[in-house]
Structures are given as C-alpha cells and as structure tokens.
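Peer 1: structural data only, the sequence is not supplied:
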C-alpha cells in the first residue's frame, strides 16, 4: 500500500470487508496515512502491524521484538 493505485484498492477492500460484517480488520505494510484513513472510514476496529499508532489496536510480533532478523522493524523500540 505505498502507491495511489494500491491505496485506493486497499481502502476499498477494507470497506468491503467491514461492510460484509467483519469484527475487525488487520492492517499491515501500508503507509500511515492509509491506515489512518481506513481506521476513520470503517466502523469495526482496526489492528495495525507496524501500520500506524492511530489504529484501534496494535500487534507486535515477538520475532521482530527479539531482533531475530537482520533488519529491525522501525516500529520496534
């Protein structure tokens, strides 16, 4: 979700899933502005995985937190 075409498609997918009755939507690997837009646009809670602090909840993968990869995710403090 980094370009405008992807942005629109992902936002539309999130709205469709929420309208279909999802109890929550996981948002991962998108720019912060898209995560914020989705969070404000849909009624069900959004759960971010490194997407934005503005999501309704957050997930932190323990492998990322423990530094088990060569690259440390920027959202791991």
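Peer 2: Sure, I can see it. Since this is a predicted model, take the numbers as computed values, not measurements.
Peer 1: ok, residue 58 to residue 8 distance?
Peer 2: 25 Å (Cβ to Cβ, to the nearest Å). Using the backbone N, CA and C atoms, a C-beta is placed for each residue, glycine as well.
Peer 1: mean confidence for the one helix or strand residue 7 maps to?
Peer 2: Taking DSSP states H and E as the definition, residue 7 sits inside helix 4-19. Helix 4-19 carries an average pLDDT of 94.
Peer 1: in the following helix or strand past that helix, what's buried?
Peer 2: Next along the chain after helix 4-19, taking DSSP H and E as the criterion, comes strand 25-28. With burial defined by 16 or more other Cβ atoms under 10 Å, the residues of strand 25-28 counted as buried are 25, 27.
Peer 1: other SSEs contacting whichever helix or strand comes after strand 25-28?
Peer 2: On the C-terminal side of strand 25-28, the closest following helix or strand by DSSP H and E is helix 32-41. The contact analysis (3 or more Cβ pairs under 8 Å, 6 or more residues apart in numbering; DSSP states H and E) places helix 32-41 against helix 4-19, strand 25-28, strand 46-49.
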